[in-house]
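>>> Return atomic coordinates for the entry below.
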Amino acid sequence: RVTIWLPMIPELAIIMLACTRLGVIHSIVFGGFSKEAVKDRIQDSNSRLLFTSDETVRAGKFYPKMADVVKIIDAVHTIEQVIVVKRSGNEIPHTKKDIWYSDFIANESENCACEEMDSEDTLFILYTSGTTGKPKGVKHTTGGYILYTSFSHRIVFNYKEGDIWYCTADIGWITGHSYIIYGPLANGATTLMFEGVPTYPDVDRFWQICEDHKVTHFYTAPTAIRAIMRFGDEPVKRHDLSSLKLLGTVGEPINPEAWTWYHRVVGKSRCPIVDTYWQTETGGIIMTPIATATPTKPGSCCLPFLGIKPIIFDLEGNEVTEADEGGYLCIAQSWPGMLRDIWEDTERFKSTYLTKFPGYYYTDDGARKDEDGYYWILGRLDDVIKVSGHRIGTMEIESALVSHPSVAEAAVAPFPHKIKGQAIYAYVTLMQGIKKSAKLSKEIRMHVRQEIGPVFQPDVIQFADALPKTRSGKIMRRILKAIAAGTEIGNVTTLADPSVVDDLIAERKKLDIEIG
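Residues are numbered from 1 along each chain as shown. Sure thing, here's the model as predicted:
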């Protein structure tokens with residue numbers, strides 16, 4: 001096995017494709033992970049080689065990596081050699097095992113025979129979070145995975161020869177594996193890689209890239225859309241986006257307000273939006289509209305992809321048949337792109353995905369199906385707040401919050417209440433130029449009351465300059481729950497900016513909140 005811990009530079013794609021050509025299993029670790037996270041993944045996979053870089057560049061700043069690598073090598077003894085890509089050229093510490101990437105490839109032949117593989121041979125391992133805390137090494141196979149990613153890329157996005165494909169994900173996550181590298185390249189597509197953040201050096205970075213490279217297909221996350229929405233329409237309007245044919249979203253459900261802005265402002269009300277649902281474990285998209293063919297509904301991932309048979313169960317294991325009634329989303333039969341195992345832990349594979357509802361793949365997500373047969377993802381079923389006996393998903397409250405014109409982004413968490421059992425604590429990020437005030441807080445609470453009812457009006461609104469997010473853009477709800485309840489925060493090393501937590505705690509202390 002080979003572990004790759006690199007930023008979004010060309011060598012990352014080159015090395016992973018070289019592994020595939022040689023029949024070597026790669027394990028890519030997101031470049032923003034801590035040394036402890038990298039060490040754990042190397043140990044679990046027993047990797048022999050580590051590819052890394054001297055430094056990483058993010059938003060114009062250099063972040064050293066080799067000091068961490070030295071500590072990793074001291075703790076992990078399976079690594080035989082460390083190959084270092086020169087990203088900055090600054091002075092760095094070295095280990096006895098490292099060699100520059102340029103020297104590593106200097107004497108290699110330009111020709112390399114392709115290793116013949118069985119369709120069920122392991123292609124790669126990709127670690128994803130587990131409920132126990134230990135990451136799961138999701139194992140994908142050569143034939144089924146590449147078939148599924150290439151087929152879904154071509155059909156879902158209506159890809160045609162000559163199109164310019166731009167997925168803004170990081171290759172350290174499954175979206176980057178499937179829809180920057182394997183899917184598009186298997187279809188002969190031109191795929192665009194981006195190293196950086198969407199707001200640096202300016203908030204129009206995405207649109208500058210789309211204009212400069214005549215991008216036709218743009219695929220990004222709702223959290224990125226909401227972050228950019230804060231700055232209004234002007235950064236988008238200053239660029240010629242006439243090359244765009246299609247817009248896509250991935251990573252989490254998109255709230256209808258962000259969907260509408262994306263369609264109207266970025267897509268000029270002419271580009272179809274493909275709201276896709278899938279997981280690291282599914283390998284590729286499993287719920288989606290088909291571009292130009294499926295009528296869409298803002299916030300819905302629409303219908304199952306070809307060959308996918310979803311079913312929704314209640315707590316007792318009975319199929320949910322009533323329209324708009326939520327339950328546990330499962331898949332009734334296998335498909336080519338699904339994971340085959342958890343690396344070196346088949347029992348965990350069975351207990352996590354195949355045991356809760358025997359005979360079905362368990363997604364660990366909630367969903368509902370409306371009267372038209374369209375699916376709506378509710379997120380993790382533990383993301384539910386129960387107020388005075390009334391259950392509601394956090395996403396529904398958050399959607400009501402961001403439908404207020406002053407709100408750019410919102411997240412809610414429960415906290416104990418001596419009368420209601422749980423109360424609603426809302427963290428709200430305002431649009432650029434909007435000033436926080438007690439009057440605005442009251443106005444937002446009344447807005448939620450009108451949108452979804454008085455029971456679910458937030459008890460507390462805390463204005464926040466930023467929310468605690470991982471470097472992939474996912475909100476760390478565990479931290480928000482802890483701050484709201486005044487309990488232990490826990491580990492914050494996976495956050496893009498841990499200082500956000502300190503700011504939230506400081507603001508929380510200023511609020512007079514009685515914990516039940």
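
>>> Show me the shaky parts of the stretch 401-516 of the chain.
516 (pLDDT under 70).

>>> what ranges do the strands span in it?
Using DSSP state E, counting those that start in this stretch, the strands of the stretch 401-516 of the chain run over 407-417, 421-430, 460-463.

>>> closest one to residue 203 among the ones you listed?
Closest approach to residue 203 among the strands of the stretch 401-516 of the chain (Cβ to Cβ): strand 407-417, 12.1 Å. (C-beta placed from N, C-alpha, C; glycine too.)

>>> angle of that closest one against strand 421-430?
Strand 407-417 and strand 421-430 are oriented at 160 degrees to each other (axes from the mean of the first three to the mean of the last three Cα atoms, to 10 degrees).

>>> What residues of strand 407-417 count as buried?
Going by neighbour count (16 or more other Cβ atoms under 10 Å), the buried part of strand 407-417 is 407-415, 417.

>>> Between the strands of the stretch 401-516 of the chain, which one is closest to residue 441.
strand 460-463 (4.6 Å).

>>> Which secondary structure state does residue 82 sit in?
strand (DSSP: H, G, I helix; E, B strand; the rest coil).

>>> Chain neighbours aside, what residue packs nearest to it?
Residue nearest to residue 82 in three dimensions, not counting chain neighbours: residue 98, with 4.0 Å by Cβ to Cβ, 6 or more residues apart in numbering.

>>> ok, now which ones touch the one you found?
Neighbouring residues of residue 98 by Cβ atoms under 8 Å, 6 or more residues apart in numbering: 66, 69, 81-84.

>>> From residue 466, how far out is residue 503?
The spacing between residue 503 and residue 466, counted by Cβ to Cβ, to the nearest Å, is 8 Å.

>>> Then residue 513?
Taking Cβ to Cβ, one finds residue 513 at 21 Å from residue 466.

>>> Make sure residue 202 is indeed in a strand.
No: counting by three-state DSSP, residue 202 is not found in a strand; it is coil.

>>> my read is residue 376 is in a helix, agree?
No: applying three-state DSSP, one finds residue 376 to be strand, outside a helix.

>>> which residues does it bridge with?
residue 368 (DSSP bridges).

>>> how far away is it from residue 253?
Separation of residue 376 from residue 253 (Cβ to Cβ): 8 Å.

>>> what touches both of these two?
299, 301.

>>> quick one: what helix or strand has residue 99 in it?
Element membership for residue 99, per DSSP states H and E: strand 98-100.

>>> average model confidence for the next helix-or-strand element following that strand?
Proceeding N to C from strand 98-100, the next assigned helix or strand is helix 101-105, under DSSP H and E. Helix 101-105 carries an average pLDDT of 95.

>>> From the contact counts, what lies against helix 101-105?
The contact analysis (3 or more Cβ pairs under 8 Å, 6 or more residues apart in numbering; DSSP states H and E) places helix 101-105 against strand 81-85.

>>> what comes up buried for the strand it packs on?
Buried, per 16+ other Cβ under 10 Å, within strand 81-85: 82-85.

>>> Same question for stretch 308-323.
308, 310-313, 320.

>>> tell me how far the ends of it are from each other?
20 Å (Cα to Cα, to the nearest Å).

>>> picking that back up, would you reformat the buried residues of strand 81-85 as a markdown table and include pLDDT?
As requested, those are exported to a markdown table (pLDDT from 0 to 100):
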| residue | pLDDT |
| --- | --- |
| 82 | 96 |
| 83 | 97 |
| 84 | 96 |
| 85 | 96 |
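
>>> And these, which is closest to residue 158?
residue 85 (35.6 Å).

>>> who's in contact with the closest one?
6, 9, 11, 51-54, 101.

>>> May I ask which helix or strand of the chain has the lowest mean pLDDT?
strand 390-393 (a mean of 75; mean pLDDT, DSSP states H and E).

>>> Quick one: list the elements packing against that strand.
Strand 390-393 packs on strand 384-387, going by 3+ Cβ pairs under 8 Å, 6+ apart.

>>> For the strand it packs on, buried residues please.
Buried-residue list, strand 384-387, by 16+ other Cβ under 10 Å: 384-385, 387.
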